[in-house]
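**Q** here you go, sequence then predicted model.
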Amino acid sequence: MTDNESPSLEAILAALMNEVVFGRTHLKIARAIRAADPVVVHAAQTFFGLTQDAHLEAAQMYAAKLYDKTQRSVTVKSVLAEANRLAGSFFHCSAEEVRTVMLPENPPLCVLKAASKNSGGASPRTNSRIACRNSPCN
């Protein structure tokens, strides 16, 4: 991919899914520290306190990256823009259905999934699926 090319929908989804997985992992670790045996935590309060805070901050940073406003960053907005650009090529939805579920009031309801791990240039019609809760494209 050159500087002028935008990443494929599958690449954007993979990057965002990694961000979500890493963020959730940090959040789970922070929750586990909070739920740990108080005797153990009190034995090293500073260590566990700082560790919990670090994991909460890392989780927050991963969540913020999903909505980063830096130019050319991979975000939820870039997924929606790429899906909109490819709207007529999805197997399970028409272009109109894709654009309908991506209206400003609907993005939280829309879930994009890569149906294939192949990013070798296969067409979106065979490689991607858009699934939307409470929409005609289910």
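**A** Now that the structure is in, tell me what you want to look at.
**Q** which strands or helices does the helix ranked longest in the chain pack on?
**A** Identified as the longest helix of the chain according to DSSP state H is helix 9-34. Contacts defined by 3 or more CB pairs under 8 Å, 6 or more residues apart in numbering; DSSP states H and E place helix 9-34 against helix 45-65, helix 76-85, strand 110-114. Any C-beta I mention is one placed from the backbone N, CA and C, and that applies to glycine too.
**Q** what is the mean pLDDT for that helix?
**A** On average, the pLDDT along helix 9-34 is 94.
**Q** run the chain-centre distance for it.
**A** 8 Å (CA atoms, centre = their mean, to the nearest Å).
**Q** domain map for this structure?
**A** As given by automatic domain parsing, the domain ranges for the chain are 9-65, 86-132.
**Q** can you list those domains in TSV and add mean neighbour count?
**A** Putting the domains of the chain into TSV (neighbours: other CB atoms under 10 Å) gives the following:
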stretch	mean neighbour count
domain 9-65	15
domain 86-132	15
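**Q** OK, contacts around the residue positioned nearest the centre of the chain?
**A** For the chain, the residue nearest the mean C-alpha position is residue 16 (3.5 Å; CA atoms, centre = their mean). By CB atoms under 8 Å, 6 or more residues apart in numbering, the contact set of residue 16 is 66, 74-76, 79.
**Q** this completes my enquiry, with thanks.
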